[in-house]
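Q: The following block contains a protein sequence and its predicted model.
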Amino acid sequence: MTEQQSTRFRSTRDLPSAHLLGTGTPTCAGCGGLEALHQMVDVLGNKTVFVNAAGCMTLLAVYPFTPFRGGWLYTAMASAPAGAQGVRDALDILKRKGKLPQDEDMEVVVITGDGAAYGMGLSATSGAIDRNLDFIYLCYDNEGYGNTGQQYSAATPHSALTSTSMGSHGYPGFKKDLFSIWVANNPAYVATIIGAEPLDLAKKVEKIRSIDGPRMLLSLSPCPTGWDFDPKHTVEIGRLAVSTGIWPLKEYVSGRVKHTRVPRQRKPVEEYLKLQGRYKHLFHPEPDEAAIAEIQARVDLYWSTLEKS
């Protein structure tokens, strides 16, 4: 059966019209992470327990309320996978004792930012994958510690300005490849997503519902506050991340990596960079052509390597 035949999401008209996540949260206007989370919850449904690592999405729950209609648990930044293990074990015990019917079982979902996912929580995540924990791991990647002022993280891209990389050249390092790190651990499923491409996102969330084991959705999450752009540009920037090739949409399943969206004619990375204040030093007072060319070259190398394989 082909993907076109097996999915109920064949066009944007098939996407859920009712939103399950509550409104009125205190997150920043235009939050790309919340955009993706909304879409994910709409497809997953209400039979979920969210284990929320400390970060931007902690703001979703203002005691005693949360926007989630299922369960919600707050943990320290580095320990969300351990919290997910406890929840999953408790649900399995209830099922074995006959106190939780199979059709009332709940999906355990970790929500974490890139600070934990790429850095301080990576060891706990690795352990959960080794134990073959049956859980979904959603990383909203805004490429910095957004909840505390956008300090750089292991997900910060080269040349981006952050509150801790304020020099004339921006962040000197390079973004860690978390997708490949997860793949190296041979989990059940890994995929990149973005809220600006809702059909691709919905198909992937639909797919992981039928898979057991460790599953990750890695969502690039444009951040108006940390990336310094008008919130009205969130979707445009997300689409440019895909069409420039900076954010490849792909998935790993059954031991293979497949790209779910390949730009037919990639746009120059400059179109993505120039909309964000964190890259303003690359264009003002004069264009830093060498730095822009270096970013473009790395993107070109990724796609040329893919074409040769």
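A: Perfect, thanks for sending it. Just so it is clear, the model here is predicted, and its values are computed rather than measured.
Q: give me every residue that touches the residue nearest the centre of the chain.
A: Central residue of the chain (CA atoms, centre = their mean): residue 219, 1.9 Å from the mean position. For residue 219, the contacting residues are 32, 33, 36, 138, 139, 140, 141, 192, 193, 194, 195, 201, by CB atoms under 8 Å, 6 or more residues apart in numbering. C-beta: built from backbone N, CA, C; applies to glycine.
Q: which of those residues lies closest to residue 83?
A: residue 138 (14.0 Å; CB to CB).
Q: Surely that closest one is within a strand?
A: Yes - according to DSSP: H, G, I helix; E, B strand; the rest coil, residue 138 belongs to a strand.
Q: What residues are bridge-paired with it?
A: Residue 138 has these beta-bridge partners by DSSP bridges: residue 111, residue 217.
Q: So what's the residue count around it?
A: Close neighbours of residue 138, defined as other CB atoms under 10 Å, add up to 24.
Q: so what pLDDT did it get?
A: Model confidence at residue 138, given as pLDDT, is 98.
Q: cool, and residue 142?
A: 98.
Q: Out of the contacts of residue 219, which sit inside strands?
A: Using DSSP state E, the subset of the contacts of residue 219 located in strands is 138, 139, 140, 141, 192, 193, 194.
Q: Based on its surroundings, how many neighbours for residue 234?
A: The burial count for residue 234: 23, using other CB under 10 Å.
Q: In PDB, could you pull the C-alpha coordinates for stretch 55-65?
A: Only the C-alpha atoms of stretch 55-65 are listed here, as PDB (Å, rounded to 0.1, in the frame of the first residue of the first chain):
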ATOM      1  CA  GLY A  55      11.400  25.300  28.800                       C
ATOM      2  CA  CYS A  56       9.200  27.700  26.800                       C
ATOM      3  CA  MET A  57       6.300  25.300  26.700                       C
ATOM      4  CA  THR A  58       6.200  25.200  30.500                       C
ATOM      5  CA  LEU A  59       4.300  28.500  30.100                       C
ATOM      6  CA  LEU A  60       1.400  26.600  28.700                       C
ATOM      7  CA  ALA A  61       0.400  25.500  32.200                       C
ATOM      8  CA  VAL A  62      -0.400  28.200  34.600                       C
ATOM      9  CA  TYR A  63      -1.400  26.600  37.900                       C
ATOM     10  CA  PRO A  64      -4.000  25.100  38.300                       C
ATOM     11  CA  PHE A  65      -4.800  25.100  34.500                       C
END
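Q: before we move on, back to that, now the residue nearest to the centre of the chain. Nearest residue, chain neighbours left out?
A: residue 36 (4.2 Å; CB to CB, 6 or more residues apart in numbering).
Q: That neighbour: neighbouring residues, count only.
A: 28.
Q: In contact with it, which residues?
A: Residue 36 sits in contact with 138, 140, 193, 194, 195, 201, 219, 221, where contact means CB under 8 Å, 6+ apart.
Q: hang on, the earlier thing: can you list the ones in strands among the contacts of residue 219 in JSON lines and add distance to residue 62?
A: Listed next are the ones in strands among the contacts of residue 219 as JSON lines, based on distance: CB to CB, whole Å:
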{"residue": "138", "distance to residue 62": "20"}
{"residue": "139", "distance to residue 62": "23"}
{"residue": "140", "distance to residue 62": "18"}
{"residue": "141", "distance to residue 62": "24"}
{"residue": "192", "distance to residue 62": "30"}
{"residue": "193", "distance to residue 62": "27"}
{"residue": "194", "distance to residue 62": "27"}
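Q: In contact with the residue lying closest to residue 18 once chain neighbours are set aside: list those residues for me.
A: Nearest residue to residue 18 in three dimensions, chain neighbours excluded: residue 42, at 7.4 Å (CB to CB, 6+ apart). The contact partners of residue 42, by CB under 8 Å, 6+ apart, come to 15, 16, 18, 19, 20, 21, 202.
Q: Residue 177 versus residue 110, what's the distance?
A: Applying CB to CB, to the nearest Å, the value for residue 110 to residue 177 is 20 Å.
Q: Compare the two (neighbour count), which wins?
A: The neighbour count for residue 110 versus residue 177, taken as other CB under 10 Å, is higher for residue 110 (30 against 12).
Q: The more buried one contacts residue 53, correct?
A: Yes - between residue 110 and residue 53 there is a contact under CB atoms under 8 Å: 6.8 Å.
Q: what residues do the two have in common as contacts?
A: residue 80.
Q: At which residues are the strands of the protein located?
A: For the chain, the strands defined by DSSP E occupy 48-53, 71-75, 107-113, 135-141, 189-194, 214-220, 249-253, 256-261.
Q: Show me what the second one pairs with in its sheet, parallel or antiparallel.
A: Pointing back at strand 71-75 there. strand 48-53 (parallel).
Q: what does the strand it pairs with rub up against?
A: 41, 58, 60-61, 68, 70-80, 83-84, 87, 91, 106-113, 116, 121.
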